[in-house]
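Undergrad: Sequence and predicted structure are below.
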Amino acid sequence: MNFLVKLFTGIFSVTFFQSAITQGITLLYGASGEILTERSGNLNMGIPGIMYMGGIGSLAGAFLYEQGTGRPNGWIGVLCAILGCLILSFLGTLIYCVLTITLKANQNVSGLALTTFGVGLGNFMGGSFSKITGTAGQITVYTTGQAFRTKIPFLSDHLGIFGQLFFNYGFLTYLAILIAAAATIFLFRTRHGLALRAVGENPAAADAASINVTRYKYWATLVGGMIAGFGGMYFVMEYLGGTWQNNGFGDRGWLSVALVIFAIWNPSRAIWGSILFGALYILFAYVPLGQAFQELFKMAPYLVTIIVLVATSLRRRKETQPPASLGLSYFREDR
Amino acid sequence: MAEYAIELRGISKYFGKVAANEDISLTLKKGEILALLGENGSGKTTLMNMLSGIYFPDKGQIFIDGREVVIRSPKDAYALGIGMIHQHFKLIEVFTAAENIILGMDGRSMIDMKAVTKDVQALIDRYGFHLDLNRKVYDMSVSEKQTVEIVKMLYRGAGILILDEPTAVLTPQETDHLFSVLRKMKADGKSIIIITHKLHEVLDISDRVSILRKGRYIGTVDTKDATGQSLTEMMVGEKMSLDIERPEPENRKLCLEVRNLTCLDEYGITALDRVSFTAYSGEILGIAGIAGSGQKQLLEAIAGLQAGTGSILFTDPETGRKEELMGRDPLSIKRMGVSLAFVPEDRLGMGLDGNMGMPGNMMIRTYRNGKAPLLEQKGPRDLSLRIKADLGVVTPDINYPIRRLSGGNIQKILVGREIASAPKLLMTAYAVRGLDINTSYAIYHLLNEQKKKGVAVIYVGEDLDVLMELCDRILVLCDGKVSGIVDGRTAAKDQIGRLMTTVGEAAS
């Protein structure tokens, strides 16, 4: 009894819900980006690396700005962070695009190499900044970090528990949900979304319907990579408050890829899915069973993904299957 | 107003040194249905692909509505109002019919599916198609998928429709319905080209018939002046002498007895309909027929790769032992001691592995041999060296990946391996397709060697001249039925041609 009481008071608390959302937003950016990418038939396993690059890119942008000026303005720092994040995640994804779309290299190998590269680059640059500032350990962009953490004025503290639950976050949280919703409308309601899904399903048929397959693959993968990069920025700026921790990002990138499967390639499902994943990700800390059991609970999100995968495979509905040409390069001569 | 919707002048297309189309000139009048007739490999589809923007002609001019045009991509073809319905449909399975129809079209960014559906439905009603626009393609029959393709072209404003063997996948009732729709489209002023092998369909639907043979234009006749006989003669042409050796069969003994074999193809349509014949050791039995008449299913049923009903009785010509092959898989056929060899049509897909060298490919057939836990390497290596020397396979090294070799060398490896298993029954499908003259004669020679050894050889071919000079008897398939079995030494070419294109009529 005592155990259950402890568990439930832990889970049904405002802080648990808030932490679940905080954890989930990173995953939502990653999953939205990867869904767009995979809908074009590109399986980008480099997403975890790209999220690292987005994170360190934003830190670099804000850091260079704050170092260069005497009295930094937080919102200019935010712009610099966004710019840095976009540039690095764009360049990282561009490597993947050239390899897999233009040169038709194996997508899995290229993606995994990019992840290794991105993680290394993030940690390396994070370390370099420490050297530049001369401080032994942490570097921080405090002003910019605080701007990222700015909550919605009034709503966050005047609506009681409702405000605490829903308006107690920085702007990136709302942007993530907005992007996921927009991506859903784009994919399922617009002409270009229809064409993009056609490219991921059957590029030869799309080609015959006079759709430029290469252009769609590039656009979807590049935009997807940049959205995923925002996930890294969110983690570094809002979650950590503008600092770098080597390998602090952990396995969140892979969790994003798992969330894509959980959401069955639909960004709107990733919205609530990300909050669920966030909750499962921190669940271990609320289970009063000691450290040994905590390790077991850390695998909860992955377990749920496997269950979804098994369930959708058993149902065999075509709509719940991955895009049919996911992971395959398109050779026009083959038609 | 120009008289012709399409006019082709001196069109040539070469693939490497092979001329797929040579100096072809033909016309399509406005508002007519033109049938394009020709044997396999006569260049019909190649010619049409140049109109739909998939290939680009090496020589010649194309005029649409009297104006010279250049068609570089499917997009150009659409812009000129040319819509081609390919044999293999280009549809997205998880999309609805309506989504497939508007795919790739310009228009407002947000799709108003209701308005689109209403628009397309009006078109469907006008021509009397049967189609549910909200149905997903994966739920559709082949004929419905074809309808989606046709509606897609019409909705894109195509005034010229090209249909590549549209009836090959349809049941007779569906064919009738398609033809009534085509007639309505013709009445509506559309110009239509239909590629088909079936003579009765040509006579039924077309206004004029243009005939191609071996990549060349033979002529055009008005359908009302044509008969099955006259069209067949134009299609197959005069008999050509090839000087292929044909030893007299010796010691002819019963080897294979097929009774009432019936099979379905992958779409669930009857591919073989109560086929019965016998094959004897020491003779070559040719199988002629338009592509897709059931040849593939026939050979695969005997090899144990295709389910069906009826009886396939194998008799060992030496011991007289009889074994029923129907319902068995290749492994159990092999374990029964029945030695079959099969040279499939799809060499690198079904017969060999392109990424392995010769020894690896030899092992595909023998890896089960021997008791040792490790693979026996010496036998396959020796066999590879022997095949390389005996058949003159040109390869830098026997371990060189065979996909990098020429088609002829790949085929020699495959035939060499199959013959090395000392079969009692050897089946080959299009054994000389894509090979040069010398390699083709080398393959004929190998088959004759097997025949002299007392092997029963089944040779599925497409060149009638070769079939008539190589084979002792020729079985002709039409639409999955045996339309006749003729003597290779005495049969006339137009007789075989007629059997190939006429369903259910006795040989005359």
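TA: Noted; the coordinates are in hand. Values in this document were obtained by computation on a predicted structure and should not be read as measured data. Numbering: from 1, shown residues only, chains lettered A, B, ... in the order given.
Undergrad: contacts and neighbour counts: CA atoms only from here.
TA: Will do.
Undergrad: Point out the residues in the stretch 51-200 of chain B that sit beside chain A.
TA: B:74-75, B:90-94, B:99, B:103-105, B:107-111 (C-alpha under 8 Å from any C-alpha of the partner chain).
Undergrad: Could you report the neighbour count for the residue of the stretch 51-200 of chain A found nearest chain B?
TA: Nearest to chain B, among the residues of the stretch 51-200 of chain A, is A:Thr190, at 4.4 Å (C-alpha to the nearest C-alpha). Using other C-alpha atoms under 10 Å in any protein chain shown, A:Thr190 has 18 other residues around it.
Undergrad: Spit out the contact partners of residue 108.
TA: If you meant another chain, say so; for now it's chain A. A:Asn108 makes contact with A:Leu43, A:Asn44, A:Met45, A:Gly327 under the criterion C-alpha atoms under 8 Å, 6 or more residues apart in numbering or on different chains.
Undergrad: was after chain B, sorry
TA: B:Arg108 sits in contact with A:Arg191, where contact means C-alpha under 8 Å, 6+ apart.
Undergrad: what does the model give A:Ser130 for pLDDT?
TA: Looking at A:Ser130, its pLDDT is 73.
Undergrad: Could I get the contacting residues of the nearest residue to the residue of the stretch 51-200 of chain A closest to chain B once chain neighbours are set aside?
TA: In space, and not counting its chain neighbours, A:Thr190 is closest to B:Met110: 4.4 Å by C-alpha to C-alpha, 6 or more residues apart in numbering or on different chains. Neighbouring residues of B:Met110 by C-alpha under 8 Å, 6+ apart: A:Arg189, A:Thr190, A:Arg191.
Undergrad: Was I right to think the second one contacts B:Ser109?
TA: Yes - in terms of C-alpha atoms under 8 Å, A:Thr190 counts as a neighbour of B:Ser109; the distance is 5.5 Å.
Undergrad: and residue 296, what element?
TA: I'll assume chain A. helix A:291-297 (DSSP states H and E).
Undergrad: The intended chain is chain B.
TA: helix B:295-303.
Undergrad: could I have that helix exported to CSV, CA atoms only?
TA: In CSV, the C-alpha atoms belonging to helix B:295-303 read as follows (Å, rounded to 0.1, in the frame of the first residue of the first chain):
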residue,chain,number,x,y,z
GLN,B,295,4.9,-20.2,-70.5
LYS,B,296,6.3,-19.1,-67.2
GLN,B,297,3.7,-20.9,-65.2
LEU,B,298,4.1,-24.1,-67.2
LEU,B,299,7.8,-24.4,-66.6
GLU,B,300,7.5,-23.3,-63.0
ALA,B,301,4.7,-25.8,-62.3
ILE,B,302,6.9,-28.7,-63.6
ALA,B,303,9.8,-27.4,-61.5
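Undergrad: That helix packs against which elements?
TA: The elements that helix B:295-303 packs onto, with contact taken as 3 or more C-alpha pairs under 8 Å, 6 or more residues apart in numbering or on different chains; DSSP states H and E, are strand B:270-281, strand B:425-429.
Undergrad: neighbours around residue 149, how many?
TA: Let's take chain A. Neighbours of A:Arg149 (other C-alpha under 10 Å): 21.
Undergrad: The intended chain is chain B.
TA: Neighbours of B:Glu149 (other C-alpha under 10 Å): 22.
Undergrad: again with B:Met350
TA: Neighbourhood size, B:Met350 [other C-alpha under 10 Å]: 10.
Undergrad: That one touches B:Pro344, doesn't it?
TA: Yes - in this structure, B:Met350 is within contact of B:Pro344 by C-alpha under 8 Å, at 6.6 Å.
Undergrad: returning to that earlier point: which residues are in contact with the residue of the stretch 51-200 of chain A closest to chain B?
TA: A:Thr190 neighbours (C-alpha under 8 Å, 6+ apart): B:Ser109, B:Met110, B:Ile111.
Undergrad: Okay, it and B:Arg108: tell me how far apart.
TA: 8 Å (C-alpha to C-alpha, to the nearest Å).
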